[in-house]
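*Asks:* any chance you can model this:
(2 chains)
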Amino acid sequence: MNRASKQKVTIYLTAFIGIILLLIGVVLSISVGAADIKAQTVLHSFIDWDESKEQVIIRTLRLPRAVIGVLVGASLAVAGALMQAITKNALASPQVFGVNAGASLFVVSSLVLFPGLSSASLVYAAFLGAALGGVIVYSFASGGGMTPVKLALAGMAVHFFLSSLTQGVVLFSDQGKDALYWMVGAINGKSWTHVELMLPWSLGGLILAAALSRSISVLVLGESLAQGLGQKVTQIRILAGLLVIVLAGASVAVAGPVGFVGLIVPHIVKKLVGGDYRRIIPFSALFGALLVVYADILSRFIAYPFESPVGIVTALIGAPFFLYLAKQGRGIKQ
Amino acid sequence: MRITEQTTLNKKRRPLVLLFILTLLLLLLSAVSLGVGAVYISPLDIITDLMGTGASSHAFIIQEYRLPRLYIAMIAGAGLATAGAVLQGILRNPLASPDVIGVTKGAGLAAVIVIVLFPDSPVFWLPVSAFLGAAAAAAALMLFAHKNGVKPATLALIGIALGAIFQAGIEYFMIKFPDDVNSTLLWLAGSLWGRGWEQVWMLLPSVPFAIALWLLSAKLDILNLGDDLAIGLGQKTKQLRYVLLTLSVIIIGMCVAAIGSIGFIGLIAPHVARKLTGSRHKFLLPVSALIGALFLLAADSLGRGLFPPIEIPAGIVTAVIGAPYFLYLLRREGKKA
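*Replies:* Model prediction:
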């Protein structure tokens, strides 16, 4: 077997295993929780709808939650992959870039200031905030060449700044506790309306990202080379930036700022399938979904019987990984 | 990103005049701070109350609420700023500060654990546990950084990651024990609200440690010259670093135990001080301390006075002021490079 076909086999195998794991994860996610439901019942409910109590729980609570988990994970991971590609920076991700913090600030402020606002318009608030956070960090980190360290520090400062403002807004509202929970990033208690809210943005963003992946692969090779190959570099960058805002903004609007997904998933994916963005983007979506779905399952146990926000779990998994990336140091160009 | 800016070292500014001016400013701000809040108290009333001659009805508010907060703001601000200046010195990294390297969050997590899990434990456990948390964070940082050859840049990244882990821990306790959410939230942001004489006593022991650091300032200057030169001058650099680090961590632990994880003071104050007086630690440390005290006092007064009767935690105010300044520093560093 030659090298190319060997690689192909690995990729198909990775995709196969990933999909199987995701399916298992979704079924587990539906069956595990305060009321345990047998896996058979879960599977049965997909085929045959009787109005038993379990099935009502599945349809109204567990299934939308699992779907949101998949969507949020896929969106954040792809947003992270796009950011790492256009900034050529190993630490770029929606969280480090202040995108999540900006979206949170805008969502929380609009919840507090305009309580009657429809949840559809929350998404637009999140987009605005995401764009704001990203632009601030980018403009400060890019002065004099953007090193990963500078990006991380600028991102941290902007993150502190924006989340302080968010905390300030929360203080003025009566629903402090709810907002606090949301600010960690949580996907429990979500319903089909949330899925409807998020699905078009997230799915559209993912499809466009996949369509753009070929150009992004060329872009990563270097700007002049990309130009030579007939790519419109600036347009691609702007389009990718917009996709990041849509993907991350939609996730934050529904689930709050779930951290570290966009940072770690693209790195793992690159290790598994290589540096071609035509593969990285779909695989990031798959493994991002995987990460959030399993983190969500874990989140039901760390403070059992209370549910914890999934963001705590992703932070506990993600921060050590960030440590590992920082320790590698040489992998990150100083 | 080197810390020693030779140009500022040579600038002759009269440090004693500077110290005098800063002290004056601090006194002025104190007078304002005592008057500001849900109940406005005029300067005249404050003076008569403090002398004990006034018959104003505000004496109670001043004695029991505003005065201890004033002391806390001054001591904690000065402590955090001194510790920050020393950290920047021993790590030779202008971006090092208790919050960037995750030490404040470590102390915060330990304190939250004590508050939530052992609410009946005696008060002195709070600073002790906060110190232990800060020390654990510092130890973890050194451990990771040591293997990596203590590059300033990696240090900052490791600190951020550690901070995120501790943050997740704090959030976990916040969710698991929702009844205590308000006190933990104050811990996260850092606030002087509801702090009284008890915390003043808790903070006072940090003063001798800060003085000890000041007495070691000549050694800090030598450390700044670089390890080779310092060893040549007969310094045991490694031991010296550990001693200085331990002293700073003790101070940070006490400050965090009293007021929560207030950010940016330990980062900003030394930078401003270095601009004003150069990088000789003999003057840098006291000037930093005064600026830190001013900064925290101003933040607390602002938070109290902006929208009375609602109080904005001082930590939020320091972040809103401090983060843009930090970004400005970062940008300037970038342009220099």
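
*Asks:* out of the helices and strands in chain B, which is least certain?
*Replies:* Every helix and strand of chain B was ranked by mean pLDDT, DSSP states H and E. The lowest is helix B:6-10, at a mean of 45.

*Asks:* now stretch B:117-128: mean pLDDT?
*Replies:* The average pLDDT within stretch B:117-128 is 77.

*Asks:* oh sorry, the question was meant for stretch B:86-99
*Replies:* For stretch B:86-99, mean pLDDT is 78.

*Asks:* which outside residues touch it?
*Replies:* Applying Cβ atoms under 8 Å, 6 or more residues apart in numbering or on different chains, the contact partners of stretch B:86-99 are A:153, B:1-3, B:80, B:83-84, B:101, B:104-105, B:134, B:150, B:152, B:155-156, B:159, B:163, B:213, B:220, B:223-224, B:241, B:244-245, B:247-248, B:252, B:261, B:263-264, B:266-267, B:270-271, B:281, B:285, B:329-330, B:333. C-beta here means a position set from N, CA and C on the backbone, and glycine is covered the same way.

*Asks:* narrow these to those in helices?
*Replies:* Among the contacts of stretch B:86-99, the members falling in helices are A:153, B:80, B:83-84, B:104-105, B:134, B:152, B:155-156, B:159, B:163, B:213, B:220, B:223-224, B:241, B:244-245, B:247-248, B:252, B:266-267, B:270-271, B:281, B:285, B:329-330, B:333 (criterion: DSSP state H).

*Asks:* re the thing from before, emit the ChimeraX select command for whichever of the contacts of stretch B:86-99 are buried.
*Replies:* For the buried members of those, the matching ChimeraX selection, counting by 16 or more other Cβ atoms under 10 Å in any protein chain shown, is:
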select /A:153 /B:1,3,80,83,84,101,104,105,134,150,152,155,156,159,163,213,220,223,224,241,244,245,247,248,252,261,263,264,266,267,270,271,281,285,329,330,333
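
*Asks:* ok, residue 284 - contacts?
*Replies:* In the absence of a named chain, this looks at chain A. By Cβ under 8 Å, 6+ apart, the residues touching residue A:284 are A:74, A:77-78, A:80-81, A:265-266, A:269.

*Asks:* that's the wrong chain, I wanted chain B
*Replies:* Residues in contact with residue B:284 (Cβ under 8 Å, 6+ apart) are B:85, B:217, B:270, B:273-274, B:277-278.

*Asks:* switch the cut-off to 7 Å
*Replies:* B:85, B:273-274, B:277 (Cβ atoms under 7 Å, 6 or more residues apart in numbering or on different chains).

*Asks:* ditto for residue A:153
*Replies:* The contact partners of residue A:153, by Cβ under 7 Å, 6+ apart, come to B:95, B:156, B:330.

*Asks:* quick one: low-confidence parts of the stretch 101-250 of chain B?
*Replies:* Applying pLDDT under 70 to the stretch 101-250 of chain B flags residues B:123, B:145-154, B:178, B:180-188.

*Asks:* quick one: the strands in it?
*Replies:* With DSSP state E, counting those that start in this stretch as the criterion, the stretch 101-250 of chain B has no strands.

*Asks:* list just the nearest of the contacts of residue B:284 to residue A:301.
*Replies:* Distance to residue A:301, by Cβ to Cβ, is smallest for residue B:85 among the contacts of residue B:284, at 44.2 Å.

*Asks:* what's the closest non-adjacent residue to the closest one?
*Replies:* Sequence neighbours aside, residue B:270 is the residue nearest to residue B:85 in space, at 3.8 Å (criterion: Cβ to Cβ, 6 or more residues apart in numbering or on different chains).

*Asks:* so for that neighbour, what's the pLDDT?
*Replies:* Residue B:270 carries a pLDDT value of 90.

*Asks:* verify the stated contact: it with residue B:80.
*Replies:* No. Counting by Cβ atoms under 7 Å, residue B:270 stays clear of residue B:80, with 10.0 Å between them.

*Asks:* could I have the one helix or strand residue B:321 maps to exported to PDB, CA atoms only?
*Replies:* Applying DSSP states H and E as the criterion places residue B:321 in helix B:314-336. The C-alpha coordinates for helix B:314-336 follow below in PDB (Å, rounded to 0.1, in the frame of the first residue of the first chain):
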ATOM      1  CA  ALA B 314     -13.900  47.600  42.900                       C
ATOM      2  CA  GLY B 315     -12.500  44.700  40.900                       C
ATOM      3  CA  ILE B 316     -14.800  45.600  38.000                       C
ATOM      4  CA  VAL B 317     -13.600  49.200  38.100                       C
ATOM      5  CA  THR B 318     -10.000  48.200  38.200                       C
ATOM      6  CA  ALA B 319     -10.500  45.900  35.200                       C
ATOM      7  CA  VAL B 320     -12.300  48.600  33.200                       C
ATOM      8  CA  ILE B 321      -9.500  51.000  33.900                       C
ATOM      9  CA  GLY B 322      -6.700  48.500  33.900                       C
ATOM     10  CA  ALA B 323      -7.400  46.400  30.800                       C
ATOM     11  CA  PRO B 324      -7.200  49.300  28.300                       C
ATOM     12  CA  TYR B 325      -4.000  50.400  29.900                       C
ATOM     13  CA  PHE B 326      -2.600  46.900  29.600                       C
ATOM     14  CA  LEU B 327      -3.600  46.800  25.900                       C
ATOM     15  CA  TYR B 328      -1.800  50.100  25.400                       C
ATOM     16  CA  LEU B 329       1.300  48.700  27.100                       C
ATOM     17  CA  LEU B 330       1.100  45.600  24.900                       C
ATOM     18  CA  ARG B 331       0.800  47.700  21.800                       C
ATOM     19  CA  ARG B 332       3.700  49.900  22.700                       C
ATOM     20  CA  GLU B 333       5.800  46.800  23.400                       C
ATOM     21  CA  GLY B 334       4.900  45.600  20.000                       C
ATOM     22  CA  LYS B 335       5.900  48.800  18.300                       C
ATOM     23  CA  LYS B 336       9.200  48.700  20.000                       C
END
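
*Asks:* buried residues in it?
*Replies:* By neighbour count on 16+ other Cβ under 10 Å, the buried set for helix B:314-336 is B:314-323, B:326-327, B:329-331, B:333-334.
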